[in-house]
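> sharing a sequence plus its predicted fold:
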Amino acid sequence: MDKILRIDMGGDGNPEVKEVLIGEYEGLGGRALTSGIIAKEVPPTCHALGAENKLVIAPGLLSGTTAAMSGRISVGCKSPLTGGIKEANAGGQPSQMLARLGYAAIVLEGKPKTDDLYKVFINKDGVQVTVDNSLRMMTNYDLIDKMKNEYGEKISCISIGPAGEMKMCSASVACTDMELRPTRHAGRGGVGAVMGAKGVKVIILDDAGMPMRSPKDPEKFKNANKRFVNGLNSHAVTGEGLPAYGTNVLTNILSEVGGYPTYNFKQGSFDGAAKISGETQAETETARGGLATHGCHRGCVIRCSGIFHDKDGHYLTKQPEYETVWAHGGNCGIDDLDTVAMLDFLDDNYGVDTIEMGNAIAVAMEAGLAEFGDGEAASNFVDEVGKGTHLGRILGSGAAVVARAFGVERAPVVKGQAMPAYDPRAVQGIGVTYATSPMGADHTAGYAVAQNVLKVGGDVDALKPEGQVELSRNLQIATAAIDSTGMCLFIAFAILDQPETFQALLDIIGAYAGVEFTADGVTVLGKKVLTDELDFNARAGFTHAHARLPSYFKTEVFPPHNVTFEVTDEELDQVFKW
């Protein structure tokens with residue numbers, strides 16, 4: 001991957017396509033590359049939907065190789081939701097294909113002078129950017145069916161739904177999975193709105209005739225990859241729990257430990273948790289002819305996804321993930337899996353982030369627009385978003401806007417972005433990550449749940465403030481590095497517990513690059529990524545005052561433990577003092 005594909009959508013009425021050498025960004029991939037380009041090339045105070053912002057789509061450093069778990073893709077920009085830098089991450093097939101086509105990144109620049117809608121087709125022969133207004137307001141599933149009819153079954157697609165076209169702040173960027181369905185989403189931060197502002201509806205990738213990317217030391221690479229896979233397969237989480245029950249295995253666990261935010265973060269346990277748990281979900285999928293174990297991209301060995309069929313045995317959606325089941329389930333007081341699965345399908349089809357949408361609906365329920373537990377109302381809300389009605393545009397703007405519009409004090413957001421499925425009072429380490437991550441509230445930025453709850457890689461008491469700052473800091477550094485490789489974040493469970501599996505990962509990276517790569521190298525890379533992101537946000541006007549949780553998390557006790565968030569502001573300010 002020695003090229004960056006730059007597409008200036010502003011042009012003189014026609015998009016301008018340039019292939020340039022990677023140059024100063026040599027050796028970077030995934031989040032390191034998206035954040036590096038945004039930090040250097042985008043004015044931090046620009047309007048996120050304006051011509052000066054850029055959308056960067058980058059496969060990981062190892063994507064396109066035979067390395068297991070290396071199919072993640074990063075989508076970066078200035079976020080219209082947070083106003084700061086954003087990297088949203090997705091699985092699916094596009095990362096591998098884009099890498100094999102020889103591109104380290106696609107950079108969408110400028111802004112069209114007309115309201116035309118464009119599609120981009122990339123194969124071994126080059127790049128075609130064409131107007132196709134027949135795609136206007138098309139949902140993701142219909143869009144991908146149309147692309148299959150035009151380009152065949154061996155493509156992959158990166159697309160936006162109606163929410164992205166309408167430039168909603170919860171809009172996602174969809175990536176197709178192995179079955180060529182738009183089920184894997186770079187969801188957070190409104191990246192889909194930025195793609196919509198660039199006038200690009202879909203990017204079609206066809207890597208036919210392109211070889212796998214080769215490491216500098218093939219034998220060392222092959223050996224390290226084998227050891228790495230063995231480690232993943234032998235770990236209780238990555239080899240047993242996630243393949244059997246998916247990420248939704250966490251529903252019963254978090255509800256039992258009292259960290260499962262229910263009814264818009266009012267309590268930590270949900271009476272209906274067992275009905276929507278990973279165990280029940282897997283049983284339901286299997287009974288209906290779906291799949292409880294499935295990979296989201298080729299080369300995935302953890303296979304924590306699945307395929308969910310409706311009551312009649314027909315495909316409905318991919319297996320809803322834990323965050324989605326929580327956001328549309330427990331957080332809204334809904335305990336019906338079929339309702340949650342339908343909401344997941346609607347989110348994917350219209351192209352919105354399930355976490356942001358679930359939180360927006362829960363806030364709307366608190367405002368009295370519907371009763372908690374009303375699944376029909378929740379589905380109607382998402383349909384309003386897809387139609388772009390006045391109410392839909394408010395809901396599609398995210399939980400913070402819904403709270404302001406309807407006078408709700410309890411908005412669980414940081415930097416304008418809604419919190420995921422762990423309450424920071426009962427899981428204090430994740431609270432530090434929510435508060436301080438450059439991305440806004442984001443569990444994946446530093447998954448302290450691993451040590452606070454699952455006791456993987458250590459044991460830090462979830463209910464006490466001691467040790468949480470150091471825990472979050474170390475995880476944020478490591479995560480930024482992993483996000484740059486194209487590796488799935490779930491490898492962290494094994495590499496935290498198994499030194500030999502961590503060494504195998506280091507050897508994979510080193511063999512690919514032809515260097516000796518060490519744990520210190522991971523730290524250096526992670527710190528560089530975070531430094532770029534923090535610098536951008538500082539220049540955009542962010543201060544320590546933005547690295548805080550909403551005040552009610554410090555004053556409102558959280559059942560069943562009846563605790564508040566106890567990490568002090570002074571401690572939060574030390575997270576990035578390394």
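Now that the structure is in, tell me what you want to look at. All figures in this text were calculated on a predicted structure; none of them were measured in a lab. Residues are numbered from 1 along each chain as shown.
> the helices in the stretch 401-550 of the chain, which residues?
Residue ranges of the helices in the stretch 401-550 of the chain, as given by DSSP state H, counting those that start in this stretch, are 428-436, 449, 468-485, 492-497, 499-513, 519-539.
> quick check: buried residues in the fifth one?
Pointing back at helix 499-513 there. Neighbour-count burial for helix 499-513 flags 501-513 (criterion: 16 or more other CB atoms under 10 Å). For every residue, glycine as well, the C-beta is placed using N, CA and C.
> those into TSV, with extra columns for distance to A547 and pLDDT?
Compiled in TSV, the buried residues of helix 499-513 are given as follows (distance: CB to CB, whole Å; pLDDT from 0 to 100):
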residue	distance to A547	pLDDT
T501	33	97
F502	29	96
Q503	34	97
A504	35	97
L505	30	97
L506	31	96
D507	36	97
I508	34	97
I509	31	96
G510	35	96
A511	38	96
Y512	35	95
A513	34	92
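> picking that back up, between the helices of the stretch 401-550 of the chain, which one is nearest to S255?
The closest of those to S255 is helix 449. By CB to CB, the value is 13.5 Å.
> name the residues that touch that closest one?
250, 259, 422, 427, 429-430, 443 (CB atoms under 8 Å, 6 or more residues apart in numbering).
> just the helices of the stretch 401-550 of the chain: most buried one?
Scoring those by mean neighbour count under mean count of other CB atoms under 10 Å gives helix 428-436 as the most buried, with a mean of 29.
> and that helix, what's its mean pLDDT?
Averaged across helix 428-436, pLDDT comes to 98.
> now M365: how far from G60?
Distance, M365 to G60, by CB to CB, to the nearest Å: 38 Å.
> now swap in G306 and tell me
G306 is 24 Å from G60, where distance means CB to CB.
> neighbour count winner among these two?
Legend: neighbour count by other CB atoms under 10 Å for G306 and G60, higher for G60 (31 against 26).
> touching, the more buried one and S95? I think so.
Yes - using CB atoms under 8 Å, G60 is in contact with S95, at 6.4 Å.
> what touches both of these two?
70-73, 486.
> next, format these as a markdown table and append neighbour count and secondary structure.
Shown next, in a markdown table, are the shared contacts of G60 and S95 (neighbours: other CB atoms under 10 Å; DSSP: H, G, I helix; E, B strand; the rest coil):
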| residue | neighbour count | secondary structure |
| --- | --- | --- |
| S70 | 30 | coil |
| G71 | 32 | coil |
| R72 | 31 | coil |
| I73 | 31 | strand |
| G486 | 29 | coil |
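> which one of the helices of the stretch 401-550 of the chain lies nearest to E285?
Nearest to E285, of all these, is helix 492-497, at 22.6 Å by CB to CB.
> what's the closest one in contact with?
Helix 492-497 is contacted by residues 231-232, 234-235, 237-239, 447, 450, 454, 456-458, 478-479, 482, 501-502, 505 when judged by CB under 8 Å, 6+ apart.
> got it, and stretch 557-571?
Contacts for stretch 557-571 (CB under 8 Å, 6+ apart): 258, 265, 267-269, 423-426, 428, 431-432, 435, 463-465, 468-469, 544, 548-549, 553-556.
> put the buried members of those into a PyMOL selection.
Here is the PyMOL command that selects the buried residues among these (16+ other CB under 10 Å):
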select buried, resi 258+265+267+268+269+423+424+425+426+428+431+432+435+465+468+469+548+549+553+554
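> chain neighbours aside, what residue packs nearest to V257?
V453 (5.8 Å; CB to CB, 6 or more residues apart in numbering).
> give the contact list for the one you found.
Applying CB under 8 Å, 6+ apart to V453 gives the contacts 253-254, 257, 259, 422, 427, 462.
> that older thread, out of the contacts of helix 449, who's nearest G290?
Of all those, G290 sits closest to L250, with 20.0 Å by CB to CB.
> so what's that closest one closest to, chain neighbours aside?
Excluding its sequence neighbours, the residue lying closest to L250 (CB to CB, 6+ apart) is Y322, at 4.7 Å.
> Throw the helices of the stretch 401-550 of the chain into JSON lines and include distance to K18, thanks.
As requested, those are exported to JSON lines (distance: least, CB to CB, whole Å):
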{"stretch": "helix 428-436", "distance to K18": "37"}
{"stretch": "helix 449", "distance to K18": "43"}
{"stretch": "helix 468-485", "distance to K18": "24"}
{"stretch": "helix 492-497", "distance to K18": "37"}
{"stretch": "helix 499-513", "distance to K18": "26"}
{"stretch": "helix 519-539", "distance to K18": "23"}
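> among those, which is nearest K40?
Nearest of those (CB to CB): helix 519-539, 7.9 Å.
> check contacts around G541.
Applying CB under 8 Å, 6+ apart to G541 gives the contacts 44-45, 83.
> likewise for E279?
Counting by CB under 8 Å, 6+ apart, E279 makes contact with 245, 249, 252.
> again with K415
By CB under 8 Å, 6+ apart, the contact set of K415 is 82-84, 439-441, 542, 546.
> next: E533.
For E533, the contacting residues are 35, 39, 84-85, 87, 438-439, 480, by CB under 8 Å, 6+ apart.
> now L369. Nearest residue, chain neighbours left out?
Closest residue to L369 apart from its sequence neighbours, by CB to CB, 6+ apart: F406 at 7.1 Å.
> what of M137?
P162 (5.0 Å).
> any weak-confidence spans in the protein?
Within the chain, the segments meeting pLDDT under 70 span 1.
> domains for it, by residue range?
With domains defined by automatic domain parsing, the chain comprises 3-205, 217-245+424-578, 250-421.
> how about TSV for those, with distance to P211 added?
Shown next, in TSV, are the domains of the chain (distance: least, CB to CB, whole Å):
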stretch	distance to P211
domain 3-205	7
domain 217-245+424-578	13
domain 250-421	15
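> what packs against the helix or strand that contains S35?
Element membership for S35, per DSSP states H and E: helix 30-41. Where contact means 3 or more CB pairs under 8 Å, 6 or more residues apart in numbering; DSSP states H and E, helix 30-41 is packed against strand 55-59, strand 73-78, strand 85-90, strand 103-109, helix 468-485, helix 519-539.
> that helix: how far from the chain's middle?
Relative to the chain's own centre, helix 30-41 is displaced by 16 Å; criterion: CA atoms, centre = their mean, to the nearest Å.
> that one: which residues count as buried?
Using 16+ other CB under 10 Å as the test for burial, helix 30-41 gives 30-39.
> just want the angle from it to strand 103-109.
40 degrees (axes from the mean of the first three to the mean of the last three CA atoms, to 10 degrees).
> tell me the angle helix 30-41 makes with strand 55-59.
Per the same axes, to 10 degrees, the angle that helix 30-41 makes with strand 55-59 is 150 degrees.
> got a list of contacts for helix 30-41?
With contact meaning CB under 8 Å, 6+ apart, helix 30-41 is reached by 25, 28, 54, 56-61, 63, 72-78, 85, 87, 89, 104-105, 107, 480-481, 483-486, 525, 528-529, 532-533, 535-536.
> also stretch 360-370?
If you take CB under 8 Å, 6+ apart as the criterion, stretch 360-370 is touched by 170, 263-264, 327-328, 331-333, 371-372, 374, 377-378, 381-382, 395-399, 401-403, 406-408, 410-411, 418.
> got the contact list for the residue nearest to L250?
246-251, 278, 421.
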